[in-house]
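Novice: Just the structure for this:
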Amino acid sequence: MPAPAFLQPDWPAPASVHAAMTTRGGGVSAGPYASFNLASHVGDLEAAVAENRRRLRSALRLPSEPAWLEQEHGVAVAIVPGARPGPADAVVSFERGGVCAILVADCLPIFLASRDGDRVGLAHAGWRGLAAGVVEATVDSLDCDPAGLVAWLGPAIGPAAFEVGADVRAAFVERDPGAAAEFRAGREGRFLADLPALARRRLAACGVSSVLGSGLCTYSDPERFYSYRRDGATGRMAALTWLA
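Specialist: All right, here's what the predicted structure looks like:
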């Protein structure tokens, strides 16, 4: 069976910052979860998830078990290492040994690191969390000058596939009228939303100016990525970052 394959952020983070994004290949899960599902809450076999997580730790030589969050599309931020995280959709670390992790299957994983190499973070940015302020909460929790941060946007549902209702557009435009530019008219009463572009606006408003992105769409690449919008029952990929 092939080994897990990873994406590496293409960003100007220092050598002390480690980061990786999983794809769906290289695991043992079957059916709609095939094959490298890392989520324990989607209906996959417990033993398969455990083996996939073991492979993840081994392949990346992680210093500890990732801090798996209870994600709920909110703005709470966990800090690792520390107490076991509860419900949260973002995580930051200031110490060696703590592995930040979020799970995604269309939502946008936002990687953050300081140019000084002394802090890292991840935000799980679906439209609800993004509109509610998960980017702002994560940047604030990193407790440094935002101009000293670099960001990388991982694979997510792309603007040609992410159809939303007028309520979603309103949730962004009410706070930022300029966000209207990131929505295109779709079917009657619907819009196509550019999730990465909306995240870039929020990061820029926080003062984070160095933002790069993968440009990869989870929805349009079923061989490489899980997509909840495309498949419904499916696995989850992991975004991970840690200090070494």
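Novice: What values do phi and psi take at the residue at the greatest distance from the centre of the chain?
Specialist: Most distant from the centre of the chain: Glu188, at 30.3 Å, with distances by C-alpha atoms, centre = their mean. Per-residue torsions, Glu188: phi -50, psi 120 (degrees, to the nearest 10).
Novice: Residues in contact with the top helix by length along the chain: which ones?
Specialist: The longest helix of the chain (DSSP state H) is helix 46-60. By C-beta atoms under 8 Å, 6 or more residues apart in numbering, the surrounding residues in contact with helix 46-60 are 3-4, 6, 18, 20, 22, 26-30, 33, 36-40, 62, 65-66, 238, 240. For glycine as for every other residue, the C-beta is placed from the backbone atoms N, C-alpha and C.
Novice: Just the buried ones from the residues you listed?
Specialist: Neighbour-count burial (16 or more other C-beta atoms under 10 Å) applied to the contacts of helix 46-60 gives 4, 6, 18, 20, 22, 26-29, 33, 36-40, 62, 66, 238, 240.
Novice: Take the residues you listed and keep only those in strands.
Specialist: 6, 18, 20, 22, 238, 240 (DSSP state E).
Novice: Test my guess that the second one contacts Ala244.
Specialist: Which is His18. Yes - with contact defined as C-beta atoms under 8 Å, His18 counts as touching Ala244 (5.4 Å).
Novice: the inter-axis angle of the host helix or strand of Ala101 versus helix 46-60?
Specialist: Under the criterion of DSSP states H and E, Ala101 resides in strand 99-104. Per axes from the mean of the first three to the mean of the last three C-alpha atoms, to 10 degrees, the angle that strand 99-104 makes with helix 46-60 is 130 degrees.
Novice: Identify the neighbouring strands of the helix or strand immediately after strand 99-104 in the chain in the sheet and state each direction.
Specialist: Past strand 99-104, further along toward the C-terminus, the next helix or strand under DSSP H and E is strand 108-114. Strand 108-114 pairs in its sheet with strand 120-125 (antiparallel), strand 149-153 (antiparallel), by DSSP bridges.
Novice: Hmm, Leu7 is touching Leu153, no?
Specialist: No - with contact defined as C-beta under 8 Å, Leu7 and Leu153 do not form a contacting pair (11.6 Å).
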